[in-house]
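K.L.:
model this:
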Amino acid sequence: MSNIRPADRVSCIEEYYFSRKLKEVARLNAAGQDIVSLAIGSPDMPPSRQTIEKLCEVARDPDAHGYQPTIGIPELREAMAGFYRKWYQVDLDPKTEVQPLIGSKEGILHVTLAFVNPGEKVLVPDPGYPTYTSLSKILGAEIVNYSLCEDNGWQPDFDELETMDLTEVRLMWINYPNMPTGGNARMETYERLVEFARKHHIVVVNDNPYSLILNEHPVSLLQVPGAKDCCIEFNSMSKSFNMPGWRVGLCVSNATFISWILKIKSNIDSGTFRGIQLAAAEAYNTNSPEWHHEYNVEVYKHRRRIAEEIMKTLGCSFDPSQVGMFLWGKIPDGYGNAEELTERVLHEARVFITPGFIFGNNGNRYIRISLCAKDEKMQEALRRIRALEW
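P.N.:
All right, here's what the predicted structure looks like:
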């Protein structure tokens with residue numbers, strides 16, 4: 001075994017921060033520390049009753065357990081198209097312009113494989129979701145970071161983008177509403193992104209799982225005329241339908257792009273369990289606007305108020321107009337970096353929050369608090385933090 005070495009790609013990435021840190025939190029809990037976790041964006045509420053009932057109904061069918069088509073069953077594709085028509089007023093052909101995914105993370109892999117050759121470039125936001133960077137590295141793409149700044153509302157700086165060497169850039173990852181910063185989607189940004197994509201022959205991919213969370217006016221990149229010709233959008237049931245463990249997402253674009261992505265996907269997986277697909281379709285078709293408002297606005301609104309008190313107690317500043325299921329705040333000048341603060345919070349207050357450095361250099365002086373915990377847990381975190389001298 002001493003002569004066996006991993007592939008070179010293993011050395012270009014690190015274990016995912018939360019995978020590593022959660023092992024430390026587990027050790028602290030095993031030692032009786034009772035850590036309150038406000039770190040990960042995993043909704044703690046259940047899916048709707050009818051969603052669960054549909055899953056159980058299909059699971060009892062002895063004929064429902066075989067392989068399913070990689071393209072997804074018609075019922076799910078039609079429900080996904082209906083979701084886009086209902087919430088974003090975007091018309092999609094469910095047969096050719098919608099591709100169900102086993103979560104958006106899988107989609108990042110498939111899209112990169114479909115559009116980027118080894119050595120070609122990918123534009124990745126800083127700060128941004130770490131998987132855009134890690135999967136691009138694993139697949140041999142060259143990362144070109146573009147900055148998002150608080151002064152610009154965490155929107156792309158198009159003047160700066162135009163000065164960059166865009167030779168061999170194939171993809172541009174964007175994520176609005178933005179994670180981790182909470183910067184909301186802006187139609188003028190979407191319009192400029194479509195113009196930028198056309199001008200430079202770059203495919204812009206918008207990762208859009210947060211548009212219904214604490215957001216009264218959800219929008220889609222595909223609302224821009226012509227966007228479907230040069231853009232791709234992901235959406236997910238993980239956040240807005242309380243289904244993170246179900247692993248159901250979607251990819252929408254023009255028929256040609258979807259066919260290329262399907263060609264990759266069909267060689268990697270063998271479809272999703274029929275019960276999950278039909279239950280997901282049930283959720284898309286039956287969850288009312290009132291359900292969404294209660295679970296995606298009202299619940300998070302209460303939790304957000306507690307998170308804001310935590311930020312204030314820590315001396316952090318934040319933009320109150322943020323949307324999504326996190327609160328992003330800038331640390332006080334007295335700390336050298338965000339991890340210095342989050343480690344103190346973890347080991348002295350026994351509360352786990354996320355340092356912004358994991359999202360890129362522009363996150364070094366920020367922290368992120370998840371709203372995915374019951375009110376009583378968040379209140380306990382606030383009590384513990386208030387009990388210390390800051």
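K.L.:
what residues does stretch 268-284 touch?
P.N.:
By C-beta atoms under 8 Å, 6 or more residues apart in numbering, the residues outside stretch 268-284 that reach it are 47-48, 50-52, 54-55, 58-59, 64-70, 72-73, 75-76, 78-80, 82-83, 100, 102, 106, 109-110, 237, 241, 243, 246-248. C-beta here means a position set from N, CA and C on the backbone, and glycine is covered the same way.
K.L.:
check contacts around residue 149.
P.N.:
Per C-beta under 8 Å, 6+ apart, neighbours of residue 149: 157, 362.
K.L.:
repeat that with 7 Å
P.N.:
Going by C-beta atoms under 7 Å, 6 or more residues apart in numbering, residue 149 touches residue 362.
K.L.:
try the one 5 residues further on
P.N.:
Taking C-beta under 7 Å, 6+ apart as the criterion, residue 154 is in contact with 148, 178, 181, 183.
K.L.:
Which of those are buried? Put it as a ChimeraX command.
P.N.:
Buried residues among the contacts of residue 154 (16 or more other C-beta atoms under 10 Å), as a ChimeraX selection:
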select :148,178,181,183
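K.L.:
What segments of the stretch 151-300 of the chain are strands?
P.N.:
With DSSP state E, counting those that start in this stretch, the ranges of strands along the stretch 151-300 of the chain come out as 169-174, 203-207, 231-236, 249-252.
K.L.:
do you know which of those lies nearest residue 144?
P.N.:
strand 169-174 (6.4 Å; C-beta to C-beta).
K.L.:
which among the contacts of residue 154 gets closest to residue 285?
P.N.:
residue 178 (29.0 Å).
K.L.:
Quick one: end-to-end length of stretch 331-350, please.
P.N.:
19 Å (C-alpha to C-alpha, to the nearest Å).
K.L.:
Pull out the buried positions in it.
P.N.:
Quick answer for stretch 331-350 (16+ other C-beta under 10 Å): 331, 335, 338-339, 341-342, 345-346, 349-350.
K.L.:
and what of stretch 251-260?
P.N.:
Buried residues in stretch 251-260 (16+ other C-beta under 10 Å): 251-254, 257-258.
K.L.:
Mind telling me the two of those farthest from one another?
P.N.:
251 and 254 (11.4 Å).
K.L.:
still on that earlier bit, got JSON lines for the contacts of residue 154, with pLDDT and distance to residue 326 too?
P.N.:
Formatted as JSON lines, the contacts of residue 154 follow (pLDDT from 0 to 100; distance: C-beta to C-beta, whole Å):
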{"residue": "148", "pLDDT": "97", "distance to residue 326": "15"}
{"residue": "178", "pLDDT": "96", "distance to residue 326": "10"}
{"residue": "181", "pLDDT": "97", "distance to residue 326": "9"}
{"residue": "183", "pLDDT": "96", "distance to residue 326": "11"}
